[in-house]
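In: Structure, please.
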Amino acid sequence: MTLTISELEAVLLVAEARNFRMAAEQAHVSQPALSRRIQAAEQKLNARLFDRDKHGVALTDAGAELVPIAQRMLSEFRDSLSDLSEFIAGRRGSVNIWALPSVAAAVLPPVAQALRQSHPHIRLVIQAASARQVTQAVAEGKADLGISIEIAGQPADVEFAPLLKEKFVLICPIDDPLARRKKVDWSVFASRPFVASGPASSIRVVTDRILAASGRAADANYVADNISVVGAMVAAGVGVAAVPQLALRLMDTTRLRSVALHAPVATREIGILIRKRRSLSAAALRFVGVLQKVSGKIAEAQ
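Out: Prediction:
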């Protein structure tokens, strides 16, 4: 009972033209070839679709019943092919992105805005997570791509492509003497109460490494897994903290000041994580292209 697309098209052409020769010309096939398609459809349905005599061609009751069904099926088929064409061309589709919270808040909104203007039918599904969770999601295929740091023990099947480097800054209360300085060095954390990010945070990896290397290891007076809590603690005046610039987007900065950190200048490299040997959809490639442009502008602004 399964009719092919060419058989359905042949039925509709003959039904409209009421003439096999004219229908064959419209289908760009020979008349015998068109007749074979009609015959094949009739055999599959076990019903005559057209009555033929010297006066012309007329639809049978079965043929008249088939015509609207064939029209609907062909319309749905063409619409589906159109949707597929849009997907393959990257004008339509869904991209599942896992990213660090700071990246999700600071980078992805302008990316989404730019993408909406050029490709409004691309849908972004965004999940904010820790660096290890982002990497795991990419490795397991839960995410089309990730935006994060390269973690220690990176899975062999996950590839890291550098995107941007963000500088670390000191944050302090707006009325703190440090707020009036243009830059400070890391020794300040040895003499002031220190508000640290949680041990699983990608921020903590950088701060621990720099403080340990400088011999100025700070004893964290406060530890908070949520970066917005770190900002709130500093704003309340209980201590100071070192955070990457993008993380400021996750804080209420009305009562905070950020000051450049130097000696050394610390950076956190953010990159795109993809699973090796997994082809990205055209929509995902469009997203990556816009992401790279926006990230370049953010890096220049630092």
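In: before we move on, what SS does Asp208 have?
Out: Per DSSP: H, G, I helix; E, B strand; the rest coil, the secondary structure class of Asp208 is helix.
In: got a list of what it touches?
Out: By Cβ atoms under 8 Å, 6 or more residues apart in numbering, the contact list for Asp208 is empty. Backbone N, C-alpha and C define where each C-beta goes, glycine included.
In: pLDDT value on it, please?
Out: For Asp208, the pLDDT comes out at 88.
In: Over to Val14?
Out: We have a pLDDT of 93 for Val14.
In: check which helix or strand covers it.
Out: Assigned by DSSP states H and E, Val14 belongs to helix 5-17.
In: could you say what helices and strands the lowest-mean-pLDDT helix or strand in the chain packs with?
Out: The weakest-scoring helix or strand in the chain, judged by mean pLDDT, DSSP states H and E, is helix 61-88 (a mean of 84). Applying 3 or more Cβ pairs under 8 Å, 6 or more residues apart in numbering; DSSP states H and E, we find helix 61-88 packed against helix 5-17, helix 282-301.
In: if you compare those helices, which one is most tucked away?
Out: Mean neighbour count (mean count of other Cβ atoms under 10 Å) peaks for helix 5-17 among the helices and strands packed on helix 61-88, with a mean of 19.
In: What segments of the stretch 201-302 of the chain are helices?
Out: 202-213, 227-235, 282-301 (DSSP state H, counting those that start in this stretch).
In: And the strands in the stretch 51-200 of the chain?
Out: Along the stretch 51-200 of the chain, counting by DSSP state E, counting those that start in this stretch, strands occupy 56-59, 93-99, 122-128, 145-148, 158-173, 183-185, 194-197.
In: what stretches of the stretch 101-250 of the chain score poorly on pLDDT?
Out: 215-219 (pLDDT under 70).
In: pLDDT score for the residue of the chain most remote from its centre?
Out: The centre of the chain is farthest from one residue, Lys54, which by Cα atoms, centre = their mean lies 62.7 Å away. pLDDT, Lys54: 74.
In: for the one 4 residues further on, same thing?
Out: pLDDT for Ala58: 91.
In: From the centroid of this structure, which residue is nearest?
Out: Central residue of the chain (Cα atoms, centre = their mean): Val95, at 3.4 Å.
In: for that residue, what are its contacts?
Out: Applying Cβ under 8 Å, 6+ apart to Val95 gives the contacts 122-125, 144-145, 281, 283-284, 287.
In: just to revisit the earlier point, can you tell me which of the strands of the stretch 51-200 of the chain is nearest to Val11?
Out: Across the strands of the stretch 51-200 of the chain, Val11 has its closest neighbour in strand 56-59 (9.3 Å, Cβ to Cβ).
In: Quick check: buried residues in stretch 248-258?
Out: By 16 or more other Cβ atoms under 10 Å, the buried positions in stretch 248-258 come out as 248-251, 256-258.
In: meant to ask about stretch 117-134
Out: For stretch 117-134, burial by neighbour count (16+ other Cβ under 10 Å) applies to 119, 122, 126, 128-131, 133-134.
In: Identify the residues contacting the residue farthest from the centre of the chain.
Out: Per Cβ under 8 Å, 6+ apart, neighbours of Lys54: none.
In: you'd agree Arg204 is up against Ala196?
Out: Yes - contact criterion Cβ atoms under 8 Å: Arg204 and Ala196 qualify, at 6.4 Å.
In: and these two? which has more neighbours close in?
Out: Between Arg204 and Ala196, counting by other Cβ atoms under 10 Å, Ala196 is the more crowded of the two (23 against 17).
In: Just give the nearest non-adjacent residue to that one, would you?
Out: In space, and not counting its chain neighbours, Ala196 is closest to Ala220: 3.8 Å by Cβ to Cβ, 6 or more residues apart in numbering.
In: ok, now Ile147?
Out: Of all residues not flanking Ile147 in the chain, Ala99 sits nearest, at 4.0 Å (Cβ to Cβ, 6+ apart).
In: Could you do Leu49 as well?
Out: Nearest non-adjacent residue to Leu49, counting by Cβ to Cβ, 6+ apart: Gly63, 3.7 Å away.
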